[in-house]
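>>> Just a sequence and a predicted model for now, questions to come.
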Amino acid sequence: MSATGEASGTRPDSSAVAEVVDLVSALIRFDTSNTGELATTKGEAECARWVIEQLEEVGYTTEYVESGAPGRGNVFARLPGADPSRGALLIHGHLDVVPAEAADWSVHPFSGAVQDGYVWGRGAIDMKDMVGMSLALARQFRREGTVPPRDIVFAFLADEENGGKWGSQWLVEHRPDLFEGITEAVGEVGGFSLTVPRQDGTERRLYLVETAEKGLGWMRLRAKARAGHGSFLHEDNAVTILARAVARLGTHTFPLVVSDSVAEFLAAVSEESGLEFDPAGPDIEGRLAKLGTISRIIGATLRDTANPTMLSAGYKANVIPQTAEAVVDCRVVPGRQAEFEREVDELIGPDVEREWITKLDSYETTFDGHLVDAMNAAVLAHDPNGRTVPYMLSGGTDAKAFAKLGIRCFGFAPLRLPPELDFTALFHGVDERVPVESLEFGTRVLEHFLLHS
C-alpha cells in the first residue's frame with residue numbers, strides 16, 4: 001500500500017464542516033462526568049437524548065438503549081449503503097468524560113467555550129470531538145440523501161471511561177443483535193498528526209492509525225495480618241506487607257517487547273527522520289524522547305506497566321489494621337498476559353492476595369486492507385504531505401468489547417494538529433481543548449473516508 005500520494009480534488013466545505021464546532025461545543029456543555037460509580041455518574045442519558053434529537057431531526061430512526069443501569073444511555077442509528085451484502089462499518093464514540101475540577105481550569109470545563117482558535121472543555125479530545133464530527137456527517141448524509149458504499153452504523157455510547165462495564169461491554173454481552181452484520185469499526189485515539197523533521201530539512205506529518213491496544217486491568221492487592229495495638233511490637237503488619245509489595249511492583253521494569261504495530265511505527269519514523277530506533281539498543285527510551293510528547297504513549301507500548309493508584313488501610317492512629325488494600329492500574333502488551341501475571345505474583349509474594357476488578361484483553365490487527373487504504377486516501381486528499389502509519393495505544397477503548405464479536409477495529413479520529421501542541425497532555429488533563437481548524441480538517445477527512453470505505 002502506498003502511504004503517500006498527491007491530493008485529489010476537494011468539494012467546497014459541507015454543512016458538516018459548517019456545524020461541527022457548534023455540535024462539539026454543545027456536547028461539551030453536557031456534564032457527562034463518569035466517576036466509576038453508578039450513583040454519582042451523571043448526564044449520559046440527557047446527552048444521548050439530545051443526540052437522538054439531532055439525528056431524528058434529519059430523518060433517522062434511532063434506538064435508545066440503557067446498558068444495564070438507569071441513565072447509562074446509548075444511541076444507535078443506521079445509514080443504509082449501496083451494497084447491503086457488504087459488512088457494515090461501525091462508527092463509535094463515547095459520551096462520557098472523566099471528571100474535572102473547575103477551579104484548576106482557565107475556562108469552565110463544561111462551558112464548551114470557543115476562543116483563541118480552540119473549542120475548550122472536558123471531552124474536547126476524549127472524545128466529543130469525534131462524536132461531533134460523526135454526528136455532523138451523519139446529519140449531512142441523511143439531509144443530502146447520501147448513500148455510502150456500505151451500511152454505516154453510528155453508535156454513541158456510555159461508560160467508556162470506566163472500561164465499558166455499563167456501556168460497550170454490557171451491550172456486546174446482552175445486545176449483540178445491535179452489531180449484527182458489522183465487520184469493521186472505527187473509533188477514537190487515532191488519525192491525529194505527529195510532525196517529524198526529515199533528513200532534507202523539511203517536515204512530514206505522520207497520521208497515527210491505532211491498530212493495537214494494550215490489555216487493561218485494574219488489580220486489587222490485599223494483605224491480611226493480626227490486628228493489634230499500635231504501641232506493641234508486631235512482626236506481621238498488613239500495612240507493611242502491602243507497602244513492600246506495592247513498592248516492588250511499582251518500581252519494577254518489565255521486559256521490552258516490540259509488537260508488529262510498534263515495530264512498523266518505529267520503522268516509519270526512522271525512515272522519515274533518519275533517527276535510529278533500535279529496540280535492542282541501550283537507550284531506546286532516550287531516543288524516543290526526541291519525538292516529543294508522543295513518546296509518553298509510544299514508550300509505554302514497549303513494555304507492560306503496573307502503576308499503583310490507590311491505597312486503603314486502617315481506621316485509627318493507634319490500631320494496627322487486619323487488612324490493607326491497594327489498586328494497581330495494569331497495561332499489558334499483546335501476548336504477554338500469562339507472563340505478566342507470573343511476574344506480578346513473584347513480585348508481590350505469597351502473603352499478598354490479588355484479584356482483577358476489571359480485566360480487558362489486548363487487541364492487535366494488521367495495517368492493511370481496503371479500510372486502511374481508504375484512511376490513507378482520505379488523509380492524502382486533504383494533506384498531501386501526510387503519511388498514515390500504525391501505532392499501539394497504551395490505553396484502551398470500546399474496541400476491546402467489539403473485538404469479542406470478531407469485528408476488526410481501528411482508531412481513526414483524524415486531526416491535523418499544530419506541531420507545538422502537547423496533544424497527549426490534554427487527555428484527562430487540565431484545559432483540554434481541540435483546535436477549530438483541526439475539527440474542520442477532521443470532518444473533511446472523515447467525510448472522504450466514509451464515502452470511500
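That came through, no problem. Numbers count the residues shown, from 1 in each chain.

>>> For the rest of this, base every contact and every neighbour count on C-alpha atoms.
Noted.

>>> pLDDT at T4, what is it?
pLDDT recorded at T4 is 40.

>>> again, but for E341
Looking at E341, the pLDDT reads 98.

>>> quick one: secondary structure of it?
helix (DSSP: H, G, I helix; E, B strand; the rest coil).

>>> Next, count neighbours for it.
12 (other C-alpha atoms under 10 Å).

>>> cool, and N307?
The number of residues packed near N307 is 18, by other C-alpha under 10 Å.

>>> and what of the one 10 residues further on?
Around A317 sit 9 other residues, with neighbours defined as other C-alpha under 10 Å.

>>> Make sure I have this right: it is in a strand.
No: applying three-state DSSP, one finds A317 to be coil, outside a strand.

>>> now it, nearest residue through space, not along the chain?
Excluding the flanking residues, the one nearest A317 by C-alpha to C-alpha, 6 or more residues apart in numbering is G230, at 7.5 Å.

>>> The one you found: what's it in contact with?
With contact taken as C-alpha atoms under 8 Å, 6 or more residues apart in numbering, G230 is in contact with 317-320.

>>> Most neighbours among the residues you listed, which one is it?
Neighbour-wise, those (other C-alpha under 10 Å) top out at I320, 24 neighbours.

>>> Show the contacting residues for that residue.
By C-alpha under 8 Å, 6+ apart, the residues touching I320 are 227-230, 237-238, 314.

>>> Which of the residues you listed ranks first by neighbour count?
Neighbour counts for the contacts of I320 (other C-alpha under 10 Å) peak at A238, which has 24 neighbours.

>>> Tabulate the CA atom coordinates of the helix or strand of the chain with the lowest mean pLDDT in PDB.
Lowest by mean pLDDT, DSSP states H and E among the helices and strands of the chain is helix 284-288, with a mean of 81. Taking Å, rounded to 0.1, in the frame of the first residue of the first chain, the C-alpha atoms of helix 284-288 are listed here in PDB:
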ATOM      1  CA  ILE A 284      15.600   3.300  23.300                       C
ATOM      2  CA  GLU A 285      13.600   5.500  25.700                       C
ATOM      3  CA  GLY A 286      16.100   8.300  25.300                       C
ATOM      4  CA  ARG A 287      15.800   8.100  21.500                       C
ATOM      5  CA  LEU A 288      12.000   8.100  21.700                       C
END
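
>>> how about it: buried residues?
The neighbour-count check on helix 284-288 (16 or more other C-alpha atoms under 10 Å) flags 284-285, 287-288 as buried.

>>> Closest one of the residues you listed to G386?
Nearest to G386 out of the buried residues of helix 284-288 is L288 (C-alpha to C-alpha; 20.6 Å).

>>> Surely the closest one touches T301?
No: at 11.6 Å, L288 does not count as touching T301 under the criterion of C-alpha atoms under 8 Å.

>>> the helices in the stretch 151-300 of the chain, which residues?
Secondary structure of the stretch 151-300 of the chain by DSSP state H, counting those that start in this stretch: the helices cover 168-174, 238-250, 260-273, 284-288, 295-300.

>>> so what secondary structure elements neighbour the third one?
The contact analysis (3 or more C-alpha pairs under 8 Å, 6 or more residues apart in numbering; DSSP states H and E) places helix 260-273 against strand 192-197, strand 203-213, strand 386-393.

>>> now do 10 Å
Using 3 or more C-alpha pairs under 10 Å, 6 or more residues apart in numbering; DSSP states H and E as the contact criterion, the secondary-structure elements in contact with helix 260-273 are strand 192-197, strand 203-213, helix 295-300, strand 386-393.

>>> shared neighbours, L288 and T301?
In terms of C-alpha atoms under 10 Å, 6 or more residues apart in numbering, L288 and T301 are both contacted by the residues S295.

>>> Would you confirm that E53 contacts E63?
No: assessed by C-alpha atoms under 10 Å, E53 is found out of contact with E63, at 11.7 Å.

>>> Pull out the buried positions in stretch 411-425.
411-417, 423.

>>> Revised request: answer the last question for stretch 340-352.
340, 344-345, 347-348, 352.

>>> now those residues in TSV, with secondary structure and distance to G117?
Listed next are those as TSV, based on DSSP: H, G, I helix; E, B strand; the rest coil; distance: C-alpha to C-alpha, whole Å:
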residue	secondary structure	distance to G117
F340	helix	44
V344	helix	46
D345	helix	50
L347	helix	49
I348	helix	49
V352	strand	51
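
>>> possible to save those residues as TSV with distance to G406?
Putting the buried residues of stretch 340-352 into TSV (distance: C-alpha to C-alpha, whole Å) gives the following:
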residue	distance to G406
F340	25
V344	30
D345	32
L347	35
I348	35
V352	37
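
>>> ok, so of those residues, who is nearest S67?
Nearest to S67 out of the buried residues of stretch 340-352 is F340 (C-alpha to C-alpha; 31.6 Å).

>>> Show me the shaky parts of this protein.
Scanning the chain for pLDDT under 70 picks out 1-12.

>>> returning to what we had before: redo the contacts of I320 as TSV? Include distance to A280.
Shown next, in TSV, are the contacts of I320 (distance: C-alpha to C-alpha, whole Å):
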residue	distance to A280
A227	48
G228	50
H229	52
G230	50
N237	42
A238	40
G314	45
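
>>> ok, so of the residues you listed, who is nearest S111?
When those are compared against S111 (criterion: C-alpha to C-alpha), the nearest one is G314, at 40.3 Å.
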